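Trainee: The amino acid sequence is not available; the structure is as follows:
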């Protein structure tokens, strides 16, 4: 593969790579030529779906199991990755806690903010320093429709995903002029474990589908093209943006 979307010879870190959207990202980036370090809280040392997806494209896969709610573990991961020449960092790991705001515990709030926002800054900082030294790098965050909207019964998640937009812009302002682009992808309603409760709620699922112009739930593979674009030379003059992949949801 050659051309502006070619990732041959690049090394990409994908967090939350064990399943769902992160697995789709690892698959897509490796199909474009990148080797992958796949990280998730319960990533298997061998035999994972992510390893199979990457290796079928003839690329190398390294597994790491890291709990992103554990600040010390994230800092240790950052220190390890800082010793590697990372070309692409995909901050996709995330969690969600569903409860009405009046009943949403502070412990749940803290955990969601740690996983979905603070750990991602810590990892971007650790890996970003090397990118800045080399004058090249791609950082991609997984945002959300709740980066734009408040959602229902997910105040911590909405706050974290809204915060990511500010982080993307802040890092882009500082780093784009030094060769490191920073962007985000905002998935729409994608059929994954994270949205299973909504899929199983007949009324909510119907209301969601009625608003999506594409008329269906998204699939993780629908995000593949956006990930390759933002990770590749094709997006070298693109930084500080959030790219929705939502079947037209935000246009309604």
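Mentor: Good, I have the coordinates. In this text the structure is predicted, and so the values were computed from the model without any measurement. Residues are numbered from 1 along each chain as shown.

Trainee: list the buried ones in stretch 184-195?
Mentor: By 16 or more other C-beta atoms under 10 Å, the buried positions in stretch 184-195 come out as 184, 185, 186, 187, 188, 189, 190, 191, 192, 194, 195. Every residue, glycine included, has its C-beta placed from N, CA and C.

Trainee: wait, is the second one part of a strand?
Mentor: Yes - when the secondary structure is assigned by DSSP: H, G, I helix; E, B strand; the rest coil, residue 185 falls within a strand.

Trainee: wait, what's in contact with it?
Mentor: 140, 141, 142, 143, 223, 226, 227, 230, 242, 243, 244, 245 (C-beta atoms under 8 Å, 6 or more residues apart in numbering).

Trainee: Could you do the fourth one as well?
Mentor: By C-beta under 8 Å, 6+ apart, residue 187 lies in contact with 21, 142, 143, 144, 145, 218, 223, 245, 246.

Trainee: Make TSV out of those and add pLDDT and neighbour count.
Mentor: Below are the contacts of residue 187 laid out as TSV (pLDDT from 0 to 100; neighbours: other C-beta atoms under 10 Å):
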residue	pLDDT	neighbour count
21	96	28
142	98	25
143	98	26
144	96	30
145	96	18
218	94	21
223	97	25
245	97	18
246	97	23
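
Trainee: Quick check: of those, which lies closest to residue 156?
Mentor: Of all the contacts of residue 187, residue 156 sits closest to residue 144, with 12.3 Å by C-beta to C-beta.

Trainee: Hmm, the closest one is touching residue 161, no?
Mentor: Yes - between residue 144 and residue 161 there is a contact under C-beta atoms under 8 Å: 4.1 Å.

Trainee: just so I have it, where are all the strands in the stretch 51-200 of the chain?
Mentor: Taking DSSP state E, counting those that start in this stretch to define them, one finds strands in the stretch 51-200 of the chain at 61-65, 88-91, 137-142, 180-187.

Trainee: any chance of the ones you listed in TSV, plus distance to residue 203?
Mentor: Listed next are the strands of the stretch 51-200 of the chain as TSV, based on distance: least, C-beta to C-beta, whole Å:
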stretch	distance to residue 203
strand 61-65	38
strand 88-91	33
strand 137-142	27
strand 180-187	22
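
Trainee: Go through those strands and name the closest to residue 33.
Mentor: Here strand 88-91 is closest among those (C-beta to C-beta), at 11.1 Å.

Trainee: just how off-centre is stretch 188-202 within its chain?
Mentor: Offset of stretch 188-202 from its chain centre (C-alpha atoms, centre = their mean, to the nearest Å): 18 Å.

Trainee: whoops, I mixed them up, stretch 106-118
Mentor: On C-alpha atoms, centre = their mean, the centre of stretch 106-118 falls 16 Å from that of its chain.

Trainee: Give me the average confidence score over it.
Mentor: For stretch 106-118, mean pLDDT rounds to 98.

Trainee: Stretch 79-92 too?
Mentor: Average pLDDT, stretch 79-92: 98.

Trainee: Give me the buried stretch members for that stretch, please.
Mentor: Neighbour counts over stretch 79-92 (16+ other C-beta under 10 Å) mark 81, 86, 87, 88, 89, 90, 91, 92 as buried.

Trainee: what number of residues lie near the residue nearest to the third one when sequence neighbours are not counted?
Mentor: With C-beta to C-beta, 6 or more residues apart in numbering as the criterion, residue 87 has its nearest non-adjacent residue at 4.1 Å, and that residue is residue 10. By other C-beta atoms under 10 Å, the residues close to residue 10 number 21.
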